[in-house]
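Undergrad: got a structure for you, letters missing:
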């Protein structure tokens, strides 16, 4: 391996690492923003929707 190929490999590795870190940081910021928005919404009195993976019992409201 000559010096040019080593430099090219070093630059490629550094660029890939920088890109991976940037994508990870962007994902982390998006998750944090969602978490803050959810907490703000819940503090206003909202309730999260029940998960569909819960029980199989059907809940109805009103007269039947």
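TA: Cool, got the structure. Being a predicted model, the structure only gives us computed values, none of them experimental.

Undergrad: so where is the chain shaky, pLDDT-wise?
TA: Where the chain drops to pLDDT under 70, the residues are 46-49, 52-60, 62-64.

Undergrad: nearest residue to the middle of this structure?
TA: Centroid-nearest residue in the chain, with Cα atoms, centre = their mean: residue 31, separated by 4.3 Å.

Undergrad: what does that one show for phi and psi?
TA: phi -60, psi -40 (degrees, to the nearest 10).

Undergrad: list the residues that contact it.
TA: By Cβ atoms under 8 Å, 6 or more residues apart in numbering, residue 31 lies in contact with nothing. The way it works is simple: take the backbone N, C-alpha and C, and place the C-beta from them, glycine included.

Undergrad: how many other residues sit next to residue 33?
TA: By other Cβ atoms under 10 Å, 10 other residues sit near residue 33.

Undergrad: cool, and residue 4?
TA: When neighbours are counted by other Cβ under 10 Å, residue 4 registers 8.

Undergrad: same check on residue 20?
TA: A count of neighbours around residue 20, defined by other Cβ under 10 Å, yields 10.

Undergrad: so it is in which element?
TA: Using DSSP states H and E, residue 20 sits in helix 3-43.

Undergrad: what of residue 51?
TA: Under DSSP H and E, no helix or strand contains residue 51.

Undergrad: roughly how far apart are residue 35 and residue 1?
TA: Distance from residue 35 to residue 1, counting by Cβ to Cβ, to the nearest Å: 47 Å.
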